[in-house]
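Student: Sequence isn't available, so here's the structure alone:
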Ligand SMILES: NC(=O)c1ccc[n+]([C@@H]2O[C@H](COP(=O)([O-])OP(=O)(O)OC[C@H]3O[C@@H](n4cnc5c(N)ncnc54)[C@H](OP(=O)(O)O)[C@@H]3O)[C@@H](O)[C@H]2O)c1
């Protein structure tokens, strides 16, 4: 996809953060945007904003809980029934959970697996035939810098993102020459609602030790670089100079060395996030 002129893009997680910003940046060029998330009011608000910048744009809001298989199926059926000429799929919706795995709420873990892994995979699987019909097309899967190494206290989240990166690379190779390009985006820390959503009940924001501020990249820049990466058919987009340096450092370091930087179990046991569940046992 050289540019997004007159394109039809489906964006999951468009009600906030990176997905919302990608919708804003696509709006002046695209012909049709399908905004997917659970919060209808947010999507409707964004729809009005986007129509203000491009009155020719068609915007459909699809209120879908991607953790619910049935609702994912309904979204796919809606696309087919309406003969949507999809040429750009952005699998951006995702969530994390900060705290020790042992103390995690299983239902929340399941939602993370469903949204970050299962829904993303199913949307690719079911929508590739649609993309094939309207080539050239593109898939952008949002992974994370957390995909590069295991992250204690965000173990499941990092593992889901390792899946997204691995899956996207393999899918890209499989679809080479078909007119469908696959790119994955690996942002470092970005100021969105992500941190708030990942925070467990009863814990304080200070319990979360984020990456140093120098790794932060604005949401506008992340979205811009991601879309540029898709336009240039890049396999992977890693926004931010220091994130690239850090990833290179990780790539060059053997695992036994990296393990030295993981918090010890004694340190982890001190974290308040573990306490609510232990108190019930
Ligand atoms: N922010 C960061 O530091 C960072 C770093 C690396 C990677 N990422 C990745 O970037 C992507 C976007 O995150 P963000 O930072 O923009 O976070 P965000 O502001 O929390 O946005 C997450 C989006 O996902 C949607 N979503 C969550 N659960 C959903 C569900 N069950 N069904 C449908 N939609 C759902 C949310 O919409 P509703 O709540 O309205 O459903 C929201 O639009 C995620 O995949 C995240 O893992 C973020």
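Tutor: Arrived safely, thanks for sending. This is a predicted model, so every value here is computed, not measured.

Student: Show me which residues of the stretch 151-281 of the chain sit near the ligand.
Tutor: 187, 189-190, 192-194, 197 (CB under 6 Å from any ligand atom). For every residue, glycine as well, the C-beta is placed using N, CA and C.

Student: Hmm, residue 162 is touching residue 151, no?
Tutor: No. Using CB atoms under 8 Å, residue 162 makes no contact with residue 151, being 9.7 Å away.

Student: Give me the buried positions along the host helix or strand of residue 35.
Tutor: Using DSSP states H and E, the element containing residue 35 is strand 32-37. Buried residues in strand 32-37, counting neighbours by 16 or more other CB atoms under 10 Å, are found at 32-37.

Student: repeat for stretch 15-30
Tutor: For stretch 15-30, burial by neighbour count (16+ other CB under 10 Å) applies to 15-27, 30.

Student: near the ligand at all, that stretch?
Tutor: Yes. Against the ligand, stretch 15-30 shows contacts by CB under 6 Å from any ligand atom at 15-19.

Student: quick one: average confidence on that stretch?
Tutor: In this model, stretch 15-30 has a mean pLDDT of 98.

Student: Make residue 1 into 823 and carry on from there
Tutor: Renumbered: residue one is now 823, and that last one reads stretch 837-852.

Student: from the chain's centre, how far out does that stretch sit?
Tutor: 14 Å (CA atoms, centre = their mean, to the nearest Å).

Student: Stretch 1058-1074 too?
Tutor: Here stretch 1058-1074 is found 18 Å from its chain centre; the criterion is CA atoms, centre = their mean.

Student: go on, stretch 826-839?
Tutor: Worked out by CA atoms, centre = their mean, stretch 826-839 lies 12 Å from the chain centre.

Student: quick one: the helices in the protein?
Tutor: Under the criterion DSSP state H, helices of the chain are mapped to 839-848, 862-875, 891-903, 928-934, 942-955, 977-997, 1016-1020, 1041-1053, 1063-1074, 1077-1080, 1087-1091, 1097-1102.

Student: Buried deepest among the ones you listed, which one?
Tutor: A comparison of the helices of the chain by mean neighbour count, using mean count of other CB atoms under 10 Å, puts helix 839-848 on top with a mean of 23.
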